[in-house]
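Participant: only geometry, no sequence info:
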């Protein structure tokens, strides 16, 4: 267990405090900035007075639920990334590279394009099924193969196949449904309201359940043989953790669309900040890191080129793509050395 470097308790408290304050600052500034710009005094009046002014409706029915949804989605994606990376012992494992997001998006494409009469509350469950199918192919194909490159190649192949299915579905749609699906597929928090928050909120329970498996995730990092020797049913445990990880991604994809790289970046940033592989500490901190990353990206999406809004999924890709290439370059450099 020497690989789990203990980080000073006061430093962990500092990291959590800083991340929490960053999240609060992003939320506070996000509630003020926009058209119209609100002064702090005006914002305080909105929260203390229950009137129906334009500013009150704007904040309480648009900006606030958007921030809350972004925080929840970021936290869920980051924990999903932690679980996938640990259970597969692959630093690059995340929902996008494992076909999970593409599988969920394919189901949502069919619902949107064909206007299937499916209740809004059932859509995350169907997205969960799509994620299980998409990710299941990758996991089964690479179950005993620990090569990072091969797992990525298998994931890219499955994702490409699913994206081809999505393209086929879209080509069969009408212009209005295609436009509606495009707004969904680029991934974003625009026009999201309390309805989406209410849909994703019950799934936060999965975050709590996921934390119950933190100790087992630590043991799995030691290898299958040693884990089995310590009494773990490795295959069953991996299946449960894999399903929990997908259950964290599916409602996010159903409500916000496929948002890339948060699930991969947040765990790595958290490990760098804490200098530990201890999942008991990484999971709660990565929740805050993921929430900060997604809400800040959404803040940029909403304000940087105002009044034009670039979807948050584009921003996370612009940030995550170069970082992924940098990570791969360093990893291959170490392997050659």
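Facilitator: Okay, I see it. Because the structure is a prediction, the values reported are computed rather than measured.

Participant: all contacts plus neighbour counts: C-alpha atoms, from now on.
Facilitator: OK.

Participant: what about residue 307, how many residues close to it?
Facilitator: 10 (other C-alpha atoms under 10 Å).

Participant: just say helix, strand or coil for it.
Facilitator: coil (DSSP: H, G, I helix; E, B strand; the rest coil).

Participant: mind checking how far it is from residue 103?
Facilitator: Distance of residue 307 to residue 103, computed by C-alpha to C-alpha, to the nearest Å: 33 Å.

Participant: and what of residue 247?
Facilitator: Counting by C-alpha to C-alpha - residue 247 and residue 103 are separated by 13 Å.

Participant: neighbour-wise, which of the two wins?
Facilitator: residue 103 (32 against 24).

Participant: quick check: that one touching residue 131?
Facilitator: Yes - the pair residue 103 and residue 131 qualifies as a contact (C-alpha atoms under 8 Å) at a distance of 4.5 Å.

Participant: which stretches of the protein have low pLDDT?
Facilitator: Applying pLDDT under 70 to the chain picks out residues 1-10, 50-51, 142-149, 327-337.

Participant: helix or strand for the most centrally placed residue in it, which one?
Facilitator: Most central in the chain under C-alpha atoms, centre = their mean is residue 77, positioned 2.2 Å from the mean C-alpha point. Take DSSP states H and E as the rule and residue 77 turns out to sit in helix 64-87.

Participant: that helix: what's the following helix or strand?
Facilitator: Assigned by DSSP H and E, the successor of helix 64-87 is helix 100-113.

Participant: show residues contacting that next one.
Facilitator: 95-96, 116-118, 123, 126-135, 159, 162-163, 165-166, 169-170, 172-174, 177-178, 180-181, 185, 246, 249-250, 253-254, 257-258 (C-alpha atoms under 8 Å, 6 or more residues apart in numbering).

Participant: tell me which residues of stretch 210-230 come out buried.
Facilitator: 210-211, 213-214, 216-221, 227 (16 or more other C-alpha atoms under 10 Å).

Participant: what does stretch 230-244 give?
Facilitator: So for stretch 230-244, counting by 16+ other C-alpha under 10 Å, buried means 232, 234, 237-238, 241-244.

Participant: closest one of those to residue 89?
Facilitator: residue 238 (11.1 Å; C-alpha to C-alpha).

Participant: how far away is the nearest residue in space to the closest one that is not next to it in sequence from residue 239?
Facilitator: Once flanking residues are discounted, residue 238 sits nearest to residue 87: 6.2 Å by C-alpha to C-alpha, 6 or more residues apart in numbering. Separation of residue 87 from residue 239 (C-alpha to C-alpha): 9 Å.

Participant: quick check: which element contains the closest residue in space to residue 77 that isn't next to it in sequence?
Facilitator: In space, residue 77 comes closest to residue 263 once its chain neighbours are excluded; the distance is 4.8 Å by C-alpha to C-alpha, 6+ apart. Element membership for residue 263, per DSSP H and E: helix 262-274.

Participant: quick one: whatever helix or strand comes next after that helix to chain centroid distance?
Facilitator: Beyond helix 262-274 in the direction of the C-terminus, DSSP H and E gives the next helix or strand as helix 279-303. Mean-position distance between helix 279-303 and its chain equals 9 Å (C-alpha atoms, centre = their mean, to the nearest Å).

Participant: before we move on, what about stretch 172-179?
Facilitator: Worked out by C-alpha atoms, centre = their mean, stretch 172-179 lies 27 Å from the chain centre.

Participant: same question, stretch 75-92
Facilitator: On C-alpha atoms, centre = their mean, the centre of stretch 75-92 falls 10 Å from the chain's centre.

Participant: contacts for that stretch, please.
Facilitator: Contacts of stretch 75-92 (C-alpha under 8 Å, 6+ apart): 93-95, 146, 148, 152, 204, 207, 217-218, 220-221, 238, 241-242, 244-246, 248-249, 252, 262-267, 279, 282-283, 286-291.
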